[in-house]
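Participant: Pasting a predicted model and its sequence here:
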Amino acid sequence: MKITDIRLGMLKVPLKTPFKTALRTVHEIEDVVVMVETDTGHVGYGEAPATAVITGDIHGSIIEAIRTVIKPKLVGLDISDLNHVTRVIQNCIMKNYSAKAAVEIAVYDLFAQLYGAPLYKMLGGGVPKLTTDLTISVDYIDKMVADSLDAVDRGFETLKVKVGKDIGVDIERVKAIYAAVEGRALIRLDANQGWTAKEAVYALHKLEDAGVRLELVEQPVKALDIDGLKYVTDRVHTPVMADETTFSPREVIELIKMRAADIINIKLMKTGGISNAIKIADICSFYDMQCMIGCMLETSISVSAAVHLAVAKSDVITKVDLDGPSLCSFDPVEGNVLFEGADISIEDTPGLGIRSIKGLNMLA
Ligand SMILES: C[C@H](N)C(=O)N[C@@H](CCC(=O)O)C(=O)O
Ligand SMILES: [Mg+2]
């Protein structure tokens, strides 16, 4: 099965409600879709969001990286030579993680199709079911409490509460949500870099002293402030998770050696795809460190790949934040991963099993 072409399209899906974090507000998903075509007629699918504030990627850079650098290196390569193909993708251009991720996801999709198995089986197997959390956008306290209660009523047992705005209001936000859902849902926080290290310690001590039990706090401080991350990790009981701080396997090793965080959030759009995500999961497994599998604002095309990976690496990926499809107003994909509220399951069909994508605008 040889690669003959890589075609690109744009996919827009409005969100059910605006997605608000300390970094940005988004009303609709608008992602680049990658189709890797082969001489056997099989097509592999991938997707890249433009999360400029986290990865530095924008639509133009994703499209140009794929068209002018990645595609010319990939056409003619054999999908059965997976390790070689992924090395070419990773080494042909620096950074550009979302572009690499989208192409790698499509290549893994084809690799699994080649052997007629769902992707998770090619990655080592596992039980094809996961449960995701749901993000509660940062907002007025009453709105966040209402959104949290609605999420719990819809069956979500873990809420990822966005904070990182005003520290005083953040403490009140979390207390109010905790009081409203106590006993019905677990709460994890994501500050998206919005606090200083001292503010984070202050807020988490206040919450701990008030009896608020949090599952974890994600990326309390700026991405590059590793000393600050360690400062927080050393001083609070609540487990601290690194998100924006860690992209590559090398960064994860450094973080583990410094003991700067307790948990790592793996996202395919940070790692540049599945091959490095596997390396990170294996490093963390070796060091007895837990991971979360996360996503950006992605539809079920690329989130499906994250689902397959998480199932295969469930020994170390113990936390799931794959709510992209739940945030969408509709699922544009007919495929083998089913997203039903908090429940995610995989059907027994080859690859990612993507049969069709509604509303895709092909690029010339
Ligand atoms: C969508 C997911 N629950 C999430 O919060 N992902 C990111 C932010 C993604 C974005 O801004 O597009 C995260 O920080 O964990
Ligand atoms: Mg995060």
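Facilitator: Perfect, I can see it now. Numbering: from 1, shown residues only. Ligands and ions are numbered 1, 2, ... in the order given.
Participant: so what's the residue most central in space within the chain up against?
Facilitator: Nearest to the geometric centre of the chain sits Cys295, at 1.7 Å (CA atoms, centre = their mean). Cys295 makes contact with Lys267, Leu268, Met269, Ser302, Val303, Ala306, Asp321, Leu322, Asp323, Gly324 under the criterion CB atoms under 8 Å, 6 or more residues apart in numbering. Bear in mind the C-beta positions are built from the backbone N, C-alpha and C, glycine included.
Participant: In strands only, show me these.
Facilitator: Among the contacts of Cys295, the residues falling in strands (DSSP state E) are Lys267.
Participant: tell me which of the contacts of Cys295 is nearest to Arg184?
Facilitator: Proximity of the contacts of Cys295 to Arg184 (CB to CB) peaks at Asp323, which lies at 17.7 Å.
Participant: Tell me, how many residues neighbour the closest one?
Facilitator: 23 (other CB atoms under 10 Å).
Participant: State the number of residues packed around the residue nearest to Pro332 when sequence neighbours are not counted.
Facilitator: Among residues not flanking Pro332 along the chain, Lys358 sits closest, at 4.4 Å (CB to CB, 6 or more residues apart in numbering). The local packing of Lys358 (other CB under 10 Å) involves 11 other residues.
Participant: Equivalent analysis for Glu47, please.
Facilitator: 31.
Participant: mind checking the SS state of it?
Facilitator: strand (DSSP: H, G, I helix; E, B strand; the rest coil).
Participant: Tabulate the CA atom coordinates of stretch 191-202 in CSV.
Facilitator: Listed next in CSV are the C-alpha coordinates belonging to stretch 191-202 (Å, rounded to 0.1, in the frame of the first residue of the first chain):
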residue,chain,number,x,y,z
ALA,A,191,-5.9,27.1,34.8
ASN,A,192,-4.4,27.2,31.3
GLN,A,193,-1.3,29.1,32.6
GLY,A,194,-3.4,31.8,34.2
TRP,A,195,-1.9,31.9,37.7
THR,A,196,1.5,32.7,39.0
ALA,A,197,3.1,30.0,41.1
LYS,A,198,2.4,31.9,44.4
GLU,A,199,-1.2,32.5,43.4
ALA,A,200,-1.6,28.8,42.6
VAL,A,201,-0.3,27.7,46.0
TYR,A,202,-2.5,30.4,47.7
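Participant: For the strand ranked longest in the chain, buried residues please.
Facilitator: In the chain, assigned by DSSP E, the strand with the most residues is strand 3-20. Residues of strand 3-20 classed as buried by neighbour count (16 or more other CB atoms under 10 Å): Ile3, Ile6, Leu8, Gly9, Leu11, Val13, Leu15, Phe19, Lys20.
Participant: follow-up on the earlier one: who touches the residue nearest to Pro332 in this structure?
Facilitator: Phe330, Pro332, Val333, Glu334.
Participant: ok, and the most crowded of those residues?
Facilitator: Ranked by neighbour count (other CB under 10 Å), the contacts of Lys358 have Val333 at the top, with 28 neighbours.
Participant: Chain neighbours aside, what residue packs nearest to that one?
Facilitator: Leaving aside its sequence neighbours, Val333 sits nearest to Ser300 (CB to CB, 6+ apart; 4.6 Å).
Participant: now the one you found: how far from Cys328?
Facilitator: Relative to Cys328, Ser300 is positioned 8 Å away (CB to CB, to the nearest Å).
Participant: Of those two, which one has the most company?
Facilitator: Taking neighbours as other CB under 10 Å, Ser300 and Cys328 compare with Ser300 leading, 27 against 22.
Participant: residue contacts, that one?
Facilitator: Listed by CB under 8 Å, 6+ apart, the contact set of Ser300 reads Gly324, Pro325, Cys328, Asp331, Pro332, Val333, Gly335, Val337, Phe339.
Participant: Let me know whether Gly126 touches Leu309 as I believe.
Facilitator: No - shown here, Gly126 and Leu309 do not form a contact pair, counting by CB atoms under 8 Å, at 9.8 Å.
Participant: Tell me how far the closest residue to ligand 2 within the stretch 51-200 of the chain lies from Leu110.
Facilitator: Residue nearest to ligand 2 within the stretch 51-200 of the chain (CB to the ion): Asp190, separated by 4.4 Å. Here the criterion is CB to CB. By it, Asp190 lies 33 Å from Leu110.
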